[in-house]
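Q: when you get a sec, could you give me coordinates for this:
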Amino acid sequence: MALIKRTELPERLRDIEQSAEENFPRIALFFGERFLCREAADSLQQSLLARPGGGTVNAIDGDHEDSGKTLGQLMNFSLLPGLQIFRVTDSRLFHSKNVASVIWGRVEQARAGGKEAACRRQLLAFLSLAGVSSEDLLSEMSAEQWQGLFGFARPEGDLSWADELLAAAPVSAQSAAAADIAGRYVEAFQKGIPPANVLILCAEAVDKRKQLFTFIKKEGLVVDCSVAGGAGAAARKGQKEVLRELVLKTLGSYQKKMAPRAMELLFERVGFHPVAVVMEAEKLALFAADRDLISVEDLDAMVGRTREDALFELTDAFGKRQAARTLVLLSRLQDQGMHGLAILATMRNYLRKMLIFRSLQLGSQPGWQPGMNAGHFQKVYLPALKERGQWTELLKGHPYALFMSFSKAQEYSCPLLKKWLGQLLEAEFRLKGSPLPPGLVLEELFLSMLGEKS
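A: Have a look, this model is predicted:
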């Protein structure tokens, strides 16, 4: 059939529902953002079950799936009436070394967020790429072994935390070999499976060069549910469009609407987390009770925002020299009750870190080079810095996050950073002893700093 975007799926589903012929896909793949994959797969599933005769859904968790057993079930005729839909979440059939670094990034993201179940799920998917058992300790792998198995450099630091997570959920031999069975799925569908059987697969990361992906794109249905990442204008616009669609759909089911200003604040407070946005929208709809319109006051009462997230956005906007965005975020932080001294403390820590990183870059050993890539930073520059034994606390954390901070620091000069720290101290004195409104003091400070040239 084709590869389509998630937004094109409703039109395709209408064709499936209105057609009297058996023209629905026997195999479908949804890949990309996990929640969006689930929502899109639900839509296809509902359309198939709405056809005459209905059917039965067999839900399969890809984390614990025996892919050979699933294939065997697909090849069998069922005694039950209607369609037999086999739906696999987190399928590993499309994994390869080409997506290993992507999956490891999700491992670290889940760990940083304290999401143990998600972290374990991604670790299991990571191991399956190379047919590695959970008995093979990641912490004991050499850099050469890691590179050979997964195709990218071994992360810095102790990986015993990963071994501890995996010890509670050992990978079966069938799961580890799932990637090798993909070719058998192609053969099975080419020969023909029972006409009442349908396979729906969901996966976050896929290798589009795999034979199975190519086959489904040609003979079945592939739905791209991915959303551009990053903080660029185009990426942020795409993310916001997805969130707006989800909120409108959720509120529509409750016959509710949301004030435009409240919706913008919702996106800013929650960020690009589709599951969280839907849950917050449902919470707001229930809180509104008999009222049709959800207001900013409702949002303030029900949807919180972490101090850390809000302050990070402020330093991010400042670092990018986005004056308008910085002032907007500054105003919102104060509206949410954050004291001016707390904002100054955050900026002081940020500028101090930039000053330290910039001074390290100006040292002779190890040498910093403008334009240094992340790989050289992680493998050569950062280990050499750590060997010096200075500022060890600041050099902890994920290597890529440190690389981004060092890249930002090179944009400043030490005299300018020292001047800004002096201006922060003056603003602190004004906040403590001046009759001027705190907002006015802070706005003058930020405009003054952003007006300076690096």
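Q: for the helix or strand hosting V328, packing partners?
A: Following DSSP states H and E, one finds V328 within helix 323-335. Applying 3 or more C-beta pairs under 8 Å, 6 or more residues apart in numbering; DSSP states H and E, one finds that helix 323-335 makes contact with helix 307-319, helix 340-361, helix 438-450. C-betas here are computed from N, CA, C, even on glycine.
Q: tell me which of these sits nearest to S407.
A: Closest of the helices and strands packed on helix 323-335 to S407 is helix 340-361, at 9.4 Å (criterion: C-beta to C-beta).
Q: my read: F287 touches D300, true?
A: No. Using C-beta atoms under 8 Å, F287 is not in contact with D300; the gap is 11.3 Å.
Q: circling back to that earlier point, got CSV for the helices and strands packed on helix 323-335, with mean pLDDT too?
A: Formatted as CSV, the helices and strands packed on helix 323-335 follow (pLDDT from 0 to 100):
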stretch, mean pLDDT
helix 307-319, 78
helix 340-361, 91
helix 438-450, 91
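Q: R209 is nearest to which of those helices?
A: Proximity to R209 (C-beta to C-beta) singles out helix 307-319 among those, at 35.4 Å.
Q: contacts for the helix holding V328?
A: Identification of contacts with helix 323-335 by C-beta atoms under 8 Å, 6 or more residues apart in numbering yields 268, 310-311, 313-314, 317-318, 340, 343, 438-439, 442-443, 446-447, 450.
Q: list buried members of those residues by neighbour count.
A: Neighbour-count burial (16 or more other C-beta atoms under 10 Å) applied to the contacts of helix 323-335 gives 268, 310-311, 313-314, 317-318, 340, 343, 438, 442-443, 446.
Q: pull the contacting residues for R111.
A: With contact set as C-beta under 8 Å, 6+ apart, R111 has these partners: 119, 161.
Q: report pLDDT for the nearest residue to Y381 once chain neighbours are set aside.
A: Spatial nearest neighbour of Y381, chain neighbours left out: P366 (5.4 Å); criterion: C-beta to C-beta, 6 or more residues apart in numbering. For P366, the pLDDT comes out at 86.
Q: neighbours of P366, how many?
A: The tally of other residues near P366 (other C-beta atoms under 10 Å) stands at 16.
Q: helix, strand or coil for it?
A: Assigned with DSSP: H, G, I helix; E, B strand; the rest coil, P366 falls in the coil class.
Q: surely it meets L385?
A: Yes. With contact defined as C-beta under 8 Å, P366 reaches L385; the gap is 6.3 Å.
Q: got the domain ranges for the chain?
A: According to automatic domain parsing, the chain comprises the domains 1-226, 233-302, 307-450.
Q: if we can go back for a sec, between the helices and strands packed on helix 323-335, which gets nearest to D42?
A: Here helix 307-319 is closest among the helices and strands packed on helix 323-335 (C-beta to C-beta), at 29.5 Å.
Q: just to revisit the earlier point, turn the buried ones among the contacts of helix 323-335 into CSV, including distance to K115.
A: Below are the buried ones among the contacts of helix 323-335 laid out as CSV (distance: C-beta to C-beta, whole Å):
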residue, distance to K115
E268, 22
A310, 21
L311, 22
E313, 21
L314, 25
A317, 27
F318, 29
G340, 34
I343, 29
P438, 37
L442, 35
E443, 38
F446, 34
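Q: which of these sit farthest apart?
A: Farthest-apart pair in the buried ones among the contacts of helix 323-335 is E268 and P438; separation 21.8 Å (C-beta to C-beta).
Q: what does the pLDDT read for F35?
A: At F35, the model reports a pLDDT of 91.
Q: got the contact list for it?
A: With C-beta under 8 Å, 6+ apart, F35 has these contacts: 274-275, 278.
Q: same thing with A276?
A: Contact partners of A276, counting by C-beta under 8 Å, 6+ apart, are V270.
Q: so it versus F35, what's the distance?
A: A276 sits 9 Å away from F35, going by C-beta to C-beta, to the nearest Å.
Q: picking that back up, just the buried ones out of the contacts of F35, please.
A: In the contacts of F35, burial by neighbour count holds for 274, 278, counting by 16+ other C-beta under 10 Å.
Q: on that earlier part again, from the contacts of helix 323-335, which is closest to I216?
A: The closest of those to I216 turns out to be E268 (C-beta to C-beta; 37.7 Å).
Q: T70 against F86, yeah?
A: Yes. Using C-beta under 8 Å, T70 is in contact with F86, at 6.3 Å.
Q: got any residues that touch both of those two?
A: Between them, T70 and F86 share the neighbouring residues I60, with contact defined by C-beta under 8 Å, 6+ apart.
Q: who has more neighbours, these two?
A: T70 (23 against 19).
Q: skip ahead from the helix or strand harbouring the more buried one and say which helix or strand is next.
A: Taking DSSP H and E as the criterion, T70 maps to helix 67-75. Where DSSP H and E defines the elements, the next helix or strand beyond helix 67-75 is strand 83-89.
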